[in-house]
Every structure is written in structure tokens, then in C-alpha cells.
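Q: Here's a sequence, model it:
(4 chains)
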Amino acid sequence: MTRELTGPEAAALAEALVPGSVDRTTATACYLKPDRLVETLRALRDDPEANLVHLTNLCGVDYWDHFEVVYHIQSFEKNHIALYKVEAWGRENPEVPSVTPVFHGAWIQECEAYDLLGIRFTGHPNLYRILLWEGYPGWPLRKDFLSMPGGLQPGLGEFAGVARRQEPPVKVIE
Amino acid sequence: MTPFLVSDKWYDIRDLGNLSRALLDAADKVLPGGVVYVLAALIGFVASFLLFVLPSQLIIGVYGERRIIGRMQSRLGPNRVGPFGLLQPIADAIKLIQKEALTPAQADRVVMYIAPIIFVMPAVLLWAVIPFGENMVIADIPVSLMYFLAVSALPVIATFMAGWSSNNKYSLFGAMRIVSMAISYESPLVLALLGAVVMSGTISLSGMVAWADQYTIWMVFVQPLALVIYFICVSAELNRTPVDIAEAESEIVAGYLTEYSGMKWGLFYGMDIGYALAASGFAATVFLGGWTLFGLEKWVPGWMIFIGKTHLFYFLFIWTRGTLPRLRADQLMAFAWKFLLPLGVFNLLIVSTERMLWAEQDYAKGLIYVFALVNIVLSVGLVYAWARFNGYRPERSPTRPRLVKQAGGYIPVGERP
Amino acid sequence: MDGFGVSLAFWVLAAITLVAAAGVMVSRNLLHAVLFLILTFVGVAGFFVLLSADFIAMAQVIIYVGAIAVLVLFAVLLTPRASRDNGETRWALPGMLLAVCLAAIFLFVIHDTAWKTRDGVPQGLSASDLGTALLTTWVVPFEIASVLLTAALVGAIMLTRSPEEEAEDALA
Amino acid sequence: MTGIIKSEPFVINIGPQHPSTHGVFRIKATVDGEKVIDAEMVMGYLHRSMEKLAEERTYTQNIPFTDRTDYLSSMSNNLGYCLAVEKLAGIEVPPRGNAIRVIMAELQRLASHCMAVGAFANDTGAWQTPVMWAFREREKILDIFEVTSGARLTCNYMRIGGVAFDLRPEFEPMVRRILRDFPPFIDEMEGLLSENEIFIARTRGIGVLTPEMAINSSLSGPMLRGSGIAWDIRKADPYCGYEQYDFDIPIGYNGDSYDRFIVRLEEMRQSLKIIEQALDGLPGGPFRTEVPLALRPPKGEAYARIESPRGELGYYLVSDEGPSPYRFHIRPPSFINLSALKEMTVGGTVADAIVVLGSIDIVVGEIDR
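A: Numbers count the residues shown, from 1 in each chain, chains lettered A, B, ... in the order given. Below you'll find the model as predicted:
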């Protein structure tokens, strides 16, 4: 079975290699400081003990007041998978350093995150809207994208037919 | 040439030549001066076209090919139109005729219009020299083999015109490929036929048929390598599947035919098969002994034997089209220049020495069988030696992947998992 | 090879060849010029057939239409903007003058020389005696020509070898 | 040709409408003569923004979406999504449900690999014959899907907590017939292509992928195994009871298109082994645990993944205790396998680019989502 590293274990790995890189940890994930992100992931990849060589999944999540970029990285020899996250505050211009120098496969997933969520990846060799066309107004996967007239919000109310009518709650997801 | 036929009466169906000659003599008495030539050409054209080209090419060719390839792919092939689907080619032709033939805006209108015509004309011209029977040949000229080579150079130019004039990147690719391939496969083709010419001593097709009957051996046994090279080169000239890079569907959509539609495309498609049949008719005449079958042609009409051999050879084209994948353009060029051409030259060397030996024994009948055996062995040896000399090792790489029980990281080739 | 049909064929062929040759000069598009050139080659082959020298006629078609025309087409493929309208060049007038002078010289020469005409039907030149002539009386020029051609072939290949092919061979 | 003769490169579109791009997917290739200098991918023609739609529907209503992403392996997609939701909500699946899920996923792998192998042979130019054979066999599997789930392509057969309906009595004989007919078909395909000199000449050494490049480009599935990396999620992270079954992982030698082809053929044989073992030991009992229609999983996130025919298919779900997922992200194997396409095609000819694209075996529905 693939061992899923818990938050503290992943944080321990990252802290051991690059001190001061961990922002905070939760039960399942470890939050890294954006400016130390690339350095930490390169160390984790090259370290024989951690051996996190395969960036399996990279996606962005929109939590109203901030954006989160999720990195699932796994190792083949050690057969374990770690979950790292980076936060980008502010809705106009969320910035996250690009990990393409470390993982070549990240360029296509970062293009998708940029295209659908509007998260700009600094240092990306060729950031462009990969699925939609350049002139597309807005970022489709953002929570406030489809603001229907009359303040209705996307997403379901109690039952399918009833549209949710509420102000955007400020929620911090643990 | 020893007379084969028992009777020269006009009702002898074994050789329709007598019938046409009787008709012409009767007409000659009646009509003024040179008109008989025109009448003879007309009869020749109508007879050959209606009796042999149309049924064998359109009906059997188009229908037969699609049906046989269908069966190879475990599906039925056309069987809806007419009995057993026999009217399918005609249905296709009618459909194509009433389809709109588009011409792109920036295309070179005139050249694009002429290209199918230039492509179709030689297809019918080729049948003029092929002997269907003793004197059933429209134009029995002494250089008929060279005539065949000359006329088969025209479709290359037609396809280039089609490719260049339709002003489309894919067509340009198709045109570039067809031109480069035509040059590299013309020379091995001529060398292969030269081998046959040297052995039989004539360059007229009816002469070769007479030679095959006189020595009761088919040229293919004396010259196996020549037939193989001929088959490869002709399938290159005609864009048949192992070598159909000019209109390779998977790479350049439809090559030079991308912009063609309606009957213009229909002409290209129909005459493709026409050329394949003409080439296999030619091969049947040169290599498989034309309309003679070791004396059997006294009972069975000669032209039926000839059609049987043509479709036997044509089946080879269908067979390769149904199964083989396509070679890449540069691999093809390398194959032609580095493999076929030298083989053709060696083959010519062997044949001319054999001809010299044979001349000293003043063409003894038994010696040809010795040459046949020698040639078959020599050909296989030659192909193998030249391939090995060229540094080609038969692929010994494994065709089955390694099997591993545990999931883990990279396992280098040598290591046991 | 005489009679009404043959002379009719001669005049038709002559007309086609001359029109095609003019077409080569006049056409604005390079590709059209090459196609007209091919038509002239076929016309000339027709003349050989009329002279009942059928081996040479077939050789003419194979070599000129089959090989040389295809090579010229290849050259057309590689010239940039081959099918643009290159009509209005400054050399039109001097070219025309030169053509007229040359035409005059040719006509004068044709008119002036006494052609040795042979009466009767020109007997055909069969392929076998052409072959024996080539390899017995004319064997020296034949060999020299073939050596020259192979040298030209090797020279052409050396000329167009791209740098990486040379590097590749230097390694091997 | 670039020596004396100056030929300027021009851009050719291996465009959205092209016989061998397996759907609406475009490569803008800059070509000098026949050689490809630069290849740029243009995609998104089939983008339905499923991740946005999924946020508007309940967890059960999202299942039909997953059929439409990789429309060649709908069973595997359903399985991946249901595993993610079960992991998020902590739902247990009865053993019979797991066994049926394994059989269905492996049958879907057979059908998808038939399509992949046939289309790849078609790209190298074998004029439709291998494709027709592959489709003839694939029909038998689609009939089984139609009998059990009611649909041939988008089956929508799996539910959260198990499968939609139980197996019908004629399921067993149909699968037995498959187990009898498939091995000769795979040998026939191998006989036609694997030892075919022209096929080897067209695929050996084309689109070579070194192990480091494969891992670094986060590739998965036959792309990884073709380069010799023994990574299969059914073995590494077994789900649905895969650890009970005995099967092998095929891995290639030098990571070229030929290796990926023979790896897929071998995977079909291994799937047959799994189906046979699963069918023999099919347990009785319930095939699904009851789950409320408006399921509200606890707050949190979950990432579950399966070995789909094209690679690692993952679902990342974030829940905010609402009836619909707060964030629904699909990890599409075809999309990520394209990250190394440029490095593999530059330098070869246009014909090689088509063969490389065929060996990656993309499905445009999954790329554009």
C-alpha cells in the first residue's frame, strides 16, 4: 500500500532538508512558504531518503479570500506520497513560483491552473491559456465567475432546484 | 514462332485476332484508302477497352479489391448494389459524377483541371502494347517494353501537377514525395526489366511470350530477383500501400489528392487501380509467360489465361495493401538507392554471363532449367549477402516485454527485477 | 510510312510542338513553362515515330519526359516563389530583338544548305542493330560518355552534401 | 538538403480535422523539408469545463460526468471517482462490489487497449486491417457492458459504495467466451505486427523516452512502463482488492514507440489473467452499501487514484459539508502524458510525429475535460 505521509511527517522531511521552509502544517498537508517552494521541492526530489521524484498532481483551489496550489508528489522506490500546499493571498493577481525547473511535467498542469483559475506562475517558460483562447473574459473555475443576475451564487442549495442565495462566506478550510 | 493455333478461321474464339482481321479485310475492299487504319485502331480500342480494360479494371479491380480487402479485415465488403454488390463501381462512378468538383480559390485552375486528364490518358495507352493472344494485340511494335516504361512516366508528372497546383501544404508534401520517389525507383525498375530483356533477347512483349513458350519456362523462374525488384518498384510508382507515401492518409491527409473532389478525384482513384492492373498485366506478360500455358492455350482461349495471370499478380498488390504498414519517405529513398539499385546491377551481371554461356551452347533447351535453379539460389544468396554487407542485422530485439511482480522504480535492462 | 495519314500527322505534330515551344517562352508562370517544355519533348518523340525510329522515340520519352523533366520539376519546387508572375521584366525588349536576329540566322542557314534528301521510304532503325553499332563501331565514345555521366553524378552528390552528412561521415 | 539549397521552414497544421489525431487535437509543427523543428500543441476544442459543472451537482449526479471525460474507458473513470468519494466519506464497499468493479475495470482496459493498439497500427500505415480486427473483438466486450449496465460506451455503472445493478445470469458465459477468444486474437495481432520488419522500422527508436525524462515529466501508465519503470498503481497502491490477484507488470526496454506497443499487448494478457481469477472467486452477498442520495461527506479533502488504461487517473475532491463538492479536480493521464510530446517529436519527420502521437494514445475528451 502507498504510505500517505501525514502533514507533520511531510513537514519534518521538508524542514530537515531546507530549514525554515514550512509555513504551517495540518493533519494531511504541509504548507510551504512560497519563496522557498522551488528550493524545497528540488531538495526533496534529489534527497535519496525522501526521493519524491514524481509530481503526480498539481491543481489550484479557490477559497474566496486566497488561492491554494496543491502538489501531490510521490516516490516509486519508497512507495509513499506527500501533499504540499502553497497559498497565494489576494484575488486580483495571485502569484506562485513555478516548479517547472524542478519537474518538467509541471508546465502543462500550471498552464491549466493559470487558464482556469488565473493563478500566475512566475518563472514559467511559456505560460499561456492552454484550454481556452487568449481573449476569454475571466477565469472560469473561480467561485465568483458565473455570478448570475440577482446575486445568485453557483452551487446547490438544499435541493437541486433551489439556487443558493447568500453572500460569499469568508471560510477558512482546515 | 511455331504456329500454335489449329485453325485460323474467323469463328475460332481462342484468338479473336482472326475475327478482327476478317472484318478488316472485308471493310478494306469496300472503304477508300487509309480509312482502314482508323477502323483497325477503333476496333482495337473498343475490343481491348470493352472486353478487357473495363470489366477487368473497373468491375473486378475496384469491386474485387474492396471485397478481398474487406474479407481480409473480417468484414463483408460491398454487397448491397446489384447482385453480390457487382454494380458497386458503377454506383460509385455515378455518385462521383454528380458530386461537385471544388477548385480552391488560389489554386492554379488550368493545371488542376488538366492533371486528371494527363493522369487518365496513359492508363488506357498502356493496354495498347500488351498481347492478349496470338495476334490479339493492338500495336505489336518491336519496342513495346520501352513503350511501357515511357508511358508509365507520364502519371508521375500528372500527380506533380495535381499536387503543385492545388496550392495546399499537404498537396505540396505529396508532390515533393512523388517526384523524389519516381526518380529513385525508375532506375531499379529499368535494371530489373533489363535482366529479363537480356535473357529473352527481345524488347517486344510478344517476343517474350514466344520465348517463354519456345523454352516452356516462365521468366520468373529464370529471373526471380527481377520480379521481386519489379514488384517493389511498380508498387512505388503506383503508390500502393507499403510505399504509398504520396497520399499517406495518416500523415499528409490525402497527399496530392487533398483538394480534389467529385469525378476529378474519381478519375485519380479509378485509374490508380487501372495502372495497377496494367502493371500486373505487363508483369504477367513478361514474367509469367503472357497468354501461353505450356500448350494449354490450344484448348483454353489465350486471353482467358492472360486475365487469370493478371489477376493473380494483381492479388499481390491487394494482399500487400491489406496487411503491410507504410515505410517512411527517407527509409524508402535509402532502400531504393542502397539496396534495389546494386541488386539490379548484380542481377544484370549474372544474367549477362549466363546469356554468354547459353550462346556458346547455341541456346540448348535444357540449359535454361539449370540457369533457373542457379538463379533462384543465387538471388536468395545475393539478397542476404548484400543486406549483411550493408550492415543490416535481422531484428533480434525482444518482441515481448519483461514481466515484473513488484512495483518499484526504474529497472535497468540487464538487472533481474 | 507515307500516304495521307502520315503527312497529316506530321503537320499536326509540328503545330503542337511549335505552339508548346512558344508557350515555354511566353508563359508567365514557371510551372506552366516546364509543362509546355514537357509537351515539346513529347512532340519531338512523335517526330521520331514518324521517321519510324521507334527505339529513339521511346528513349526520348523515357529520358526526357521521365527523368529530365522530373528533375526540372524538382528544381521548380526549390526555387522560391516559383509560380509568381514574372512577366514584366526589363529584359523583355532586348530579349525579343535577340530572338528575331537568331531566327533570321537560322532561316538563312536552313534555306541555304543543300540537304541530301533520300528518296523512298526511310527504312527503320531496329533496336538490335542499334545495339550492335553502339558496342562495336562506336564503343569508345559510348564508354567515354558513361564515364563522364558517372563523374557528373558523383560530383552532384558531393556538391549537395549537407554539413551534418559530412560530419557524420567524418565520424564513421 | 539544408546545405547549399536554402529552404525556409514553414508551419504545417496537423490540424483538428486530421485522420490520425484521435479527435480534435492540433499540433502546429514547424517543418524544414520533412524534418520537424518545433511542435506546439493547440487543444481545448472539446473543453466542457466539467470541473465547474461538477461543483453544481451532488456527488451522485457527478458520476455521469466521469463517463464523458475518457469516453474510451468509462468504467475506469467511474471507479476512480467513486473511490475518491468513498475515501472522502469513509464508506465501505462489500467484497462482491469490489470483485465486480475489478472485472469491469479490466474488461474496460481490454477494450481500450484494443482501440489503442489498432489505431497505433493504423497510424504507421497498416491500412485499417489491425483496427478492424481490434474492433471486432472490442464489440464482444461492449456487448457485455450493454448487458450489465445498459450502455456500450458511457456505462454509468458504478455508484458510490458499489455498483448500480447486480450481474445478470448471462454475464458469466459471455465473459468465459471472451477469456477463450482473446488470447488467439492477441497472438494474431502480435504475429501481424510485432515481427513485421516495416512496422519495426517505423516504430523502433522513434519517440524515445529516457527513464529520467519520463519520471520528471510526471508521465504515467504505458508511457512509464515502456521506458522500463515498473510502476503500476494496481500493484503499488492496490484498491478494490487487487492485492488478492496474481498478475505481472510488463515493462519495456528502451522507451520507444515499439516498446509502448508491446507493453500494451502484454497488459491485455495480464488483464485476462485478472478477470479469470476474479470471476472464479466471485463472492456472494450485497453488491452495494446504501448511501443517502444527498450525501454530505465531512469537511476535508481526498485524493484517490486508479490505473486507467492511459495511466494514473486521480480525483482530488474538497468537501465543505455541502451536498456538492467544493472543488472537483481530475488528474487526466492523457493530458499530462503530452507534456513530453515536444521533446519526443522535434528532430523526427512528420510521419514520426504521427507515430509518436499514436504511441502516447491520447483521448481528447480526457485532455480537454
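Q: State whether D:S112 is indeed within a strand.
A: No - applying DSSP: H, G, I helix; E, B strand; the rest coil, one finds D:S112 to be helix, outside a strand.
Q: So what's the residue count around it?
A: Per other C-beta atoms under 10 Å in any protein chain shown, the neighbour tally for D:S112 reads 25. For glycine as for every other residue, the C-beta is placed from the backbone atoms N, C-alpha and C.
Q: What separation do you get for D:I178 and C:F108?
A: Separation of D:I178 from C:F108 (C-beta to C-beta, to the nearest Å): 90 Å.
Q: same thing with D:E139?
A: For D:E139, the distance to C:F108 - C-beta to C-beta - is 83 Å.
Q: Touching, B:T320 and B:T241? I think so.
A: Yes - using C-beta atoms under 8 Å, B:T320 is in contact with B:T241, at 5.8 Å.
Q: which residues are common contacts for these two?
A: Common neighbours of B:T320 and B:T241 (criterion: C-beta atoms under 8 Å, 6 or more residues apart in numbering or on different chains): B:S235.
Q: In terms of neighbours, single out the busier of these two.
A: B:T241 (23 against 18).
Q: can you tell me the helix or strand for the closest residue to that one other than its chain neighbours?
A: Nearest residue to B:T241 in three dimensions, chain neighbours excluded: B:R321, at 4.0 Å (C-beta to C-beta, 6 or more residues apart in numbering or on different chains). Assigned by DSSP states H and E, B:R321 belongs to helix B:302-323.
Q: longest helix of chain C?
A: In terms of residue count, the longest helix belonging to chain C (DSSP state H) is helix C:4-26.
Q: wait, does that helix contact chain B?
A: Yes - using C-beta under 8 Å from any C-beta of the partner chain, helix C:4-26 comes into contact with chain B via C:4-5.
Q: how distant is that helix from the center of its chain?
A: Relative to its chain's centre, helix C:4-26 lies at 15 Å (C-alpha atoms, centre = their mean, to the nearest Å).
Q: For that helix, list every residue counted as buried.
A: Buried residues in helix C:4-26, defined by neighbour count with 16 or more other C-beta atoms under 10 Å in any protein chain shown: C:13, C:17, C:20-21, C:23-24.
Q: Rebuild the residues you listed as JSON lines, extending it with distance to A:E87 and pLDDT.
A: Below are these laid out as JSON lines (distance: C-beta to C-beta, whole Å; pLDDT from 0 to 100):
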{"residue": "C:L13", "distance to A:E87": "87", "pLDDT": "93"}
{"residue": "C:T17", "distance to A:E87": "84", "pLDDT": "94"}
{"residue": "C:A20", "distance to A:E87": "78", "pLDDT": "94"}
{"residue": "C:A21", "distance to A:E87": "81", "pLDDT": "92"}
{"residue": "C:G23", "distance to A:E87": "76", "pLDDT": "91"}
{"residue": "C:V24", "distance to A:E87": "75", "pLDDT": "89"}
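Q: Just the element for the closest residue to B:L378 other than its chain neighbours, please.
A: Nearest in space to B:L378, with sequence neighbours left out and distances taken as C-beta to C-beta, 6+ apart, is B:I350 at 5.9 Å. Remark: B:I350 resides in helix B:341-360, with elements defined by DSSP H and E.
Q: So which other helices or strands are in contact with the following helix or strand past that helix?
A: Per DSSP H and E, helix B:341-360 leads on to helix B:367-389 as the next helix or strand towards the C-terminus. Under the contact definition 3 or more C-beta pairs under 8 Å, 6 or more residues apart in numbering or on different chains; DSSP states H and E, helix B:367-389 sits against helix B:219-222, helix B:224-237, helix B:341-360.
Q: For B:Y170, find the nearest of those helices.
A: Within those, the stretch nearest B:Y170 is helix B:224-237; the backing value is 19.9 Å (C-beta to C-beta).
Q: what angle do the helix or strand following the closest one and helix B:302-323 make?
A: The first helix or strand that comes after helix B:224-237 along the chain, using DSSP H and E, is helix B:262-287. On the basis of axes from the mean of the first three to the mean of the last three C-alpha atoms, to 10 degrees, helix B:262-287 is oriented at 120 degrees to helix B:302-323.
Q: which helices and strands sit right next to helix B:262-287?
A: Helix B:262-287 sits against helix B:88-97, helix B:109-125, helix B:154-165, helix B:169-200, helix B:205-214, helix B:219-222, helix B:224-237, helix B:302-323, with contacts defined as 3+ C-beta pairs under 8 Å, 6+ apart.
Q: Would you tell me whether the fifth one gets close to chain C?
A: No - Helix B:205-214 stays out of contact with chain C when judged by C-beta under 8 Å from any C-beta, the minimum separation being 10.8 Å.
Q: Check the fourth one too.
A: Yes - for helix B:169-200, a contact with chain C is found by C-beta under 8 Å from any C-beta, at B:175-176, B:179-180, B:182-183, B:186, B:190.
Q: With adjacent residues omitted, what lies nearest to D:E190?
A: D:E190's closest residue in space is D:L265 (C-beta to C-beta, 6+ apart), at 5.8 Å.
Q: helices and strands around whichever helix or strand the one you found is part of, which ones?
A: Per DSSP H and E, D:L265 falls inside helix D:257-280. Packing partners of helix D:257-280 (3+ C-beta pairs under 8 Å, 6+ apart): helix D:95-123, helix D:171-193, helix D:197-203, helix D:222-226, strand D:249-251, helix D:350-360.
Q: right, so these: which one is the most enclosed?
A: helix D:222-226 (a mean of 29; mean count of other C-beta atoms under 10 Å in any protein chain shown).
Q: I'd like the next helix or strand past that one.
A: Counting by DSSP H and E, what follows helix D:222-226 is helix D:233-236.
Q: Only the C-alpha atoms, please, for that following helix, written as CSV.
A: Extracted as CSV, the C-alpha positions of helix D:233-236 are listed here (Å, rounded to 0.1, in the frame of the first residue of the first chain):
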residue,chain,number,x,y,z
ILE,D,233,-0.9,1.5,-9.1
ARG,D,234,-2.8,-1.8,-9.0
LYS,D,235,0.4,-3.2,-7.5
ALA,D,236,1.8,-0.2,-5.7
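Q: any residues touching it, and which ones?
A: A:2, A:76, A:79, B:405-407, D:239, D:242, D:247, D:249, D:305-307, D:312.
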